[in-house]
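K.L.:
3D model of this:
(one chain, ligands or ions: 4)
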Amino acid sequence: MKAQLVTDIQKYSIHDGEGIRTTIFFKGCPLSCVWCHNPETQEYRQQFMWNQEKCTGCGECAAACPGGAVFMEGPRPVTDPEKCSVCHTCEEYCLQNAREFAGREYTVEELVREALKDQPFYEQSHGGVTLSGGEVLARDKEFLEQLMRGLTERGIRVNVDTCGYVPWENIESVIPYTDTFLYDIKLMDSGLHEKMTGAGNERILDNLVKLSKSGAAVWIRIPVVGGVNDTDRNMKETLDFLDAHSIGQKWIHLLPYHNTGSGKYSRLGQEYRGRDFTTPSKERMQELLDMCLKRGFQARIGG
Ligand SMILES: C[S@@+](CC[C@H](N)C(=O)[O-])C[C@H]1O[C@@H](n2cnc3c(N)ncnc32)[C@H](O)[C@@H]1O
Ligand code: SF4
Ligand code: SF4
Ligand code: SF4
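P.N.:
Ligands and ions are numbered 1, 2, ... in the order given. The predicted structure follows:
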């Protein structure tokens with residue numbers, strides 16, 4: 001079975017479900033949210049990242065590249081992705097660590113082995129492993145089932161962090177192995193959802209209703225982005241929807257927008273389109289939280 005690309009394995013994570021967790025970030029996502037703090041996870045292939053601040057312009061990468069994919073424009077190394085065979089030679093030659101490729105292939109066995117290292121912490125804290133990304137449910141189904149079976153058979157509880165924009169079968173097939181789904185509702189206005197994420201929200205909401213009917217444990221996550229979805233109207237429509245379908249009675253998590261991922265866009269050679277977004281104030285987050293609580297939901301600010 002084909003190994004899958006992972007950008008990061010984050011240990012001691014406490015924001016992706018109960019207890020201490022290991023969060024695995026898979027590469028590839030069907031959406032492209034303008035505010036996404038993990039842009040390096042969006043494409044399904046390895047992606048080159050160059051850190052201008054670390055680069056001294058020494059030219060070692062251009063000299064070492066066997067395929068002639070790097071040339072110098074003055075002190076600036078320019079990399080041609082069409083010519084690059086991702087051989088990693090330039091990474092080794094760059095003494096400043098200014099060059100890297102997002103995404104490394106992992107087999108099921110490697111991921112299970114990595115996750116098992118922290119099993120005592122999971123047991124003490126009622127934690128486990130969270131599969132995130134990118135969009136983990138857009139990955140190879142067989143790989144995912146084997147990984148989740150491998151973890152659950154060893155007593156590790158697995159959470160799935162998803163945007164829900166995948167075929168229903170991809171969600172259905174992991175229900176037996178999933179402790180809790182962390183399920184995003186980003187925006188209720190489908191037109192604005194499409195503008196901000198690249199797709200409308202119909203499939204996401206349909207899948208959420210099906211998931212809830214299946215009896216699976218679901219925590220709702222809402223990234224609250226100032227200037228986009230921090231309105232009373234969006235919150236009311238979200239709560240109306242959840243109420244109408246009896247979803248998310250356990251938890252709603254409001255995640256205040258942050259721009260800590262913005263530097264990664266420039267390292268990927270991409271423009272950060274979220275410059276006008278703001279982090280909602282504490283008072284505004286509290287108002288939105290109060291709306292959830294008044295409607296009888298359990299809710300909190302943060303993951
Ligand atoms: C990177 S996503 C990966 C999982 C899945 N693709 C999703 O969107 O739910 C993990 C969580 O981070 C949130 N998130 C992404 N960018 C964010 C930002 N700039 N500020 C706050 N939360 C953000 C998402 O809304 C989601 O709840
Ligand atoms: S080897 Fe590293 S520091 Fe030197 S030019 Fe290339 S990227 Fe910059
Ligand atoms: S990864 Fe290999 S082919 Fe690509 S730029 Fe670096 S040295 Fe050249
Ligand atoms: S769905 Fe998640 S990973 Fe994909 S772009 Fe949006 S926030 Fe990022």
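K.L.:
only C-alpha atoms for contact and neighbour calcs from this point on.
P.N.:
Noted.
K.L.:
so what pLDDT did the residue most central in space within the chain get?
P.N.:
Note on the chain: the residue nearest the mean C-alpha position is Gly133, at 3.3 Å, using Cα atoms, centre = their mean. Looking at Gly133, its pLDDT is 97.
K.L.:
which residues of the stretch 51-200 of the chain score low on pLDDT?
P.N.:
Applying pLDDT under 70 to the stretch 51-200 of the chain flags no residue at all.
K.L.:
Quick check: residues of it near ligand 2?
P.N.:
55-61, 77, 93-94, 96, 98-99 (Cα under 6 Å from any ligand atom).
K.L.:
Those residues into JSON lines, with extra columns for distance to ligand 4 and neighbour count?
P.N.:
Below are these laid out as JSON lines (distance: Cα to the nearest ligand atom, whole Å; neighbours: other Cα atoms under 10 Å):
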{"residue": "Cys55", "distance to ligand 4": "27", "neighbour count": "18"}
{"residue": "Thr56", "distance to ligand 4": "31", "neighbour count": "14"}
{"residue": "Gly57", "distance to ligand 4": "32", "neighbour count": "14"}
{"residue": "Cys58", "distance to ligand 4": "34", "neighbour count": "15"}
{"residue": "Gly59", "distance to ligand 4": "33", "neighbour count": "19"}
{"residue": "Glu60", "distance to ligand 4": "34", "neighbour count": "17"}
{"residue": "Cys61", "distance to ligand 4": "30", "neighbour count": "25"}
{"residue": "Pro77", "distance to ligand 4": "28", "neighbour count": "21"}
{"residue": "Tyr93", "distance to ligand 4": "31", "neighbour count": "17"}
{"residue": "Cys94", "distance to ligand 4": "29", "neighbour count": "19"}
{"residue": "Gln96", "distance to ligand 4": "28", "neighbour count": "14"}
{"residue": "Ala98", "distance to ligand 4": "24", "neighbour count": "17"}
{"residue": "Arg99", "distance to ligand 4": "23", "neighbour count": "21"}
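K.L.:
Narrow these to those in strands?
P.N.:
By the criterion of DSSP state E, membership of those in strands covers Pro77, Arg99.
K.L.:
circling back: isn't the residue nearest to the centre of the chain up against Thr41?
P.N.:
Yes - here Gly133 reaches Thr41: they are 6.1 Å apart, a contact under Cα atoms under 8 Å.
K.L.:
Next one: the residue in the chain sticking out farthest from the centre relative to Arg267, how far apart?
P.N.:
Largest separation from the mean C-alpha position in the chain: Gly74, at 36.3 Å (Cα atoms, centre = their mean). Separation of Gly74 from Arg267 (Cα to Cα, to the nearest Å): 19 Å.
K.L.:
need the residues of the protein near ligand 4, please.
P.N.:
So the chain meets ligand 4 at Cys29, Leu31, Ser32, Cys33, Cys36, Asn38, Gln42, Gly133, Gly134, Glu135, Cys163 (Cα under 6 Å from any ligand atom).
K.L.:
Strands along the stretch 101-250 of the chain, start to end?
P.N.:
104-106, 128-133, 158-162, 180-184, 218-224 (DSSP state E, counting those that start in this stretch).
K.L.:
tell me the most buried of those?
P.N.:
Of all those, strand 128-133 has the most neighbours on average by mean count of other Cα atoms under 10 Å, namely a mean of 28.
K.L.:
Any chance you could list what contacts stretch 244-262?
P.N.:
35-39, 209, 212, 218-226, 242, 272, 278-280, 285, 289, 292, 296-303 (Cα atoms under 8 Å, 6 or more residues apart in numbering).
K.L.:
Can you give me the domain boundaries for the chain?
P.N.:
For the chain, the structural domains run 4-44+104-301, 47-102, going by automatic domain parsing.
K.L.:
who wins for proximity to ligand 1 among those domains?
P.N.:
With Cα to the nearest ligand atom as the criterion, ligand 1 lies closest to domain 4-44+104-301 of the domains of the chain, at 3.5 Å.
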